[in-house]
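In: fold the following for me, if possible:
(one chain, ligands or ions: 1)
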Amino acid sequence: MLKRKLILESGEVFEGIAFGSETESAGEVVFTTGMTGYQETISDPSFCGQIVTMTYPLIGNYGINRDDFEAISPAIKGFVIHELATVPSNFRNEGTLDEYLKMKGIPGIQGIDTRKLTRLIRKEGAVKGYLSKAGEEINLEEIIEWLNAVKFPTNQVAQVSTQKAYPSPGRGKRVVLIDFGMKHGILRELNKRDCDVIVVSYNTSAEEIMAYQPDGIMLTNGPGDPMDVPEAIETIKVLIGKVPMFGICLGHQLFGLASGAKSFKLKFGHRGANHPVKDLRTGRTELTSQNHGFAIDMESLQDTDLEVTHIALNDGTCEGMRHKKYPVFTVQYHPEASPGPEDPNHLFDEFIELMNNSTREEQLQHA
Ligand SMILES: NC(=O)CC[C@H](N)C(=O)O
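Out: Numbering: from 1, shown residues only. Predicted coordinates for the structure are as follows:
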């Protein structure tokens with residue numbers, strides 16, 4: 001078994017055992033607290049460019065299956081775990097995590113103290129990291145210096161969005177889905193409700209989107225800083241009020257920015273499958289799946305036509321908004337719930353209802 005190191009820009013070094021691809025890699029190191037769902041995590045395009053640490057100690061025990069991918073190819077830069085289960089056991093198992101990461105060229109490290117790493121990230125905030133090539137000695141000082149100077153690419157949405165529009169047909173409401181790095185779960189939920197979905201690239205113009213005559217527009221999740229996608233912000237500005245809109249995660253942040261709100265980077269993000277969110281209108285709390293490093297600044301909503309509908313109970317940040325005049329609502333968390341929990345799944349039904357209640361005449365008035 002070959003060794004490899006995880007090195008942080010702050011100078012901490014974690015030595016462990018290499019698995020997955022033997023290559024070296026670098027990216028922002030983040031942690032997620034989900035106890036299951038490593039396959040969904042690895043393949044969630046919102047993690048594009050990041051080295052992902054699982055805080056749950058035993059990973060790989062149910063293998064990799066055919067059905068649970070959130071994108072065709074994973075976009076993570078590395079995978080950090082405490083202990084790799086080498087003999088998976090599950091009726092859906094089709095192969096091991098190690099084989100999968102090897103096939104996809106993603107380096108993994110196991111046998112490190114993920115608790116210590118997580119506490120460091122919580123204390124110091126988001127940090128850049130480097131995973132060394134399996135079995136290779138490195139010059140630590142050189143790597144730390146390089147990490148402190150390097151600027152990672154900011155075009156992650158362009159890396160993971162579809163380049164060409166394509167349909168995912170149904171006989172119900174026509175939804176144009178703007179793909180900022182869509183999790184397949186969103187498409188599954190819309191298709192389950194018989195929506196006639198047209199998936200378009202992140203830089204499709206408002207005019208082209210409206211030419212599909214949609215009943216509604218879906219703004220998806222996606223990687224990176226929402227400020228790095230100015231063209232999408234401009235497009236959303238034009239689309240607001242034309243047809244009902246539903247935004248998830250990056251889609252929520254872009255809608256906020258398009259409406260005049262501001263965003264900021266959280267110290268260490270919300271990533272996991274047990275984040276409590278309170279719906280301020282009903283007083284109900286739901287457990288949600290989350291994966292975000294940025295958030296909308298609630299104070300900046302004062303000068304907009306938006307209102308906060310949901311807040312995070314862990315730190316009080318904004319988790320949902322709606323437009324006061326137009327049929328648009330967005331959430332910072334993941335109602336498509338892959339891997340779960342499914343508490344907020346009803347939001348997709350609310351989107352369908354919003355499209356049902358918004359008549360064609362009304363839409364044409366705004367068009
Ligand atoms: N899952 C997402 O869409 C994440 C949104 C954004 N990239 C963030 O980190 O905040």
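In: what about the helices in the stretch 51-200 of the chain?
Out: Secondary structure of the stretch 51-200 of the chain by DSSP state H, counting those that start in this stretch: the helices cover 97-104, 114-124, 140-149, 156-160, 184-192.
In: reformat those helices as CSV; add mean pLDDT and distance to His252.
Out: Where C-beta positions appear, they are placed from N, C-alpha and C, glycine not excepted. Shown next, in CSV, are the helices of the stretch 51-200 of the chain (pLDDT from 0 to 100; distance: least, Cβ to Cβ, whole Å):
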stretch, mean pLDDT, distance to His252
helix 97-104, 98, 29
helix 114-124, 97, 24
helix 140-149, 98, 31
helix 156-160, 98, 14
helix 184-192, 98, 13
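In: list the contacts of stretch 200-208.
Out: 157-158, 161-165, 176-180, 209, 212, 222, 229, 231-232, 235, 238-239 (Cβ atoms under 8 Å, 6 or more residues apart in numbering).
In: of all the helices of the stretch 51-200 of the chain, which one is nearest Glu336?
Out: Comparing the helices of the stretch 51-200 of the chain against Glu336 with Cβ to Cβ, the closest turns out to be helix 184-192 (3.4 Å).
In: I'd like to know which of the helices of the stretch 51-200 of the chain lies nearest to the ligand.
Out: Smallest distance to the ligand across the helices of the stretch 51-200 of the chain (Cβ to the nearest ligand atom): 7.6 Å, for helix 156-160.
In: using PDB, list the CA coordinates for the closest one.
Out: What follows is helix 156-160, C-alpha atoms only, in PDB (Å, rounded to 0.1, in the frame of the first residue of the first chain):
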ATOM      1  CA  GLN A 156     -16.400  25.800 -12.400                       C
ATOM      2  CA  VAL A 157     -19.900  26.400 -13.800                       C
ATOM      3  CA  ALA A 158     -18.600  26.400 -17.300                       C
ATOM      4  CA  GLN A 159     -16.700  23.200 -16.600                       C
ATOM      5  CA  VAL A 160     -19.800  21.300 -15.500                       C
END
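In: any part of it near the ligand?
Out: No - on the criterion Cβ under 6 Å from any ligand atom, helix 156-160 is out of touch with the ligand, staying 7.6 Å away.
In: now that helix: buried residues?
Out: Gln156, Val157, Ala158, Val160 (16 or more other Cβ atoms under 10 Å).
In: so the last one sits right up against Lys183, yeah?
Out: No - using Cβ atoms under 8 Å as the test, Val160 is too far from Lys183 to be in contact (10.5 Å).
In: now do the shared contacts for these two.
Out: Contacts common to Val160 and Lys183, judged by Cβ under 8 Å, 6+ apart, are Pro45, Ala71.
In: returning to that earlier point: please flag which of the contacts of stretch 200-208 sit within strands.
Out: Judged by DSSP state E, these include Val176, Leu177, Ile178, Asp179 as members of strands.
In: of the residues you listed - the most surrounded one?
Out: Ile178 (28 neighbours; other Cβ atoms under 10 Å).
In: against Val200, how distant is that one?
Out: 6 Å (Cβ to Cβ, to the nearest Å).
In: now for those two: what residues contact both?
Out: Counting by Cβ under 8 Å, 6+ apart, the residues touching both Ile178 and Val200 are Ile209.
In: how does the protein divide into domains?
Out: Using the TED database, the domains assigned to the chain come out as 3-152, 157-366.
In: ok, what's across the strand from the closest residue to Arg271 other than its chain neighbours?
Out: Spatial nearest neighbour of Arg271, chain neighbours left out: Thr32 (3.8 Å); criterion: Cβ to Cβ, 6 or more residues apart in numbering. Legend: beta-bridge partners of Thr32 under DSSP bridges are Met54.
In: give the contact list for Thr32.
Out: Thr32 neighbours (Cβ under 8 Å, 6+ apart): Thr41, Val52, Thr53, Met54, Thr55, Arg271, Gly272, Asn291.
In: which ones, among those residues, also lie beside the ligand?
Out: Filtering these for proximity to the ligand by Cβ under 6 Å from any ligand atom leaves Asn291.
In: in CSV, list the contacts of Thr32 along with neighbour count.
Out: What follows is those, written out as CSV (neighbours: other Cβ atoms under 10 Å):
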residue, neighbour count
Thr41, 25
Val52, 26
Thr53, 25
Met54, 25
Thr55, 18
Arg271, 25
Gly272, 20
Asn291, 27
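In: which one of the contacts of Thr32 is nearest to Leu187?
Out: Asn291 (17.1 Å).
In: just the pLDDT for the closest one.
Out: For Asn291, the pLDDT comes out at 97.
In: for it, helix, strand, or coil?
Out: strand (DSSP: H, G, I helix; E, B strand; the rest coil).
In: pretty sure it contacts His275?
Out: No - look at Asn291 against His275 with Cβ under 8 Å: they stay out of range, at 9.7 Å.
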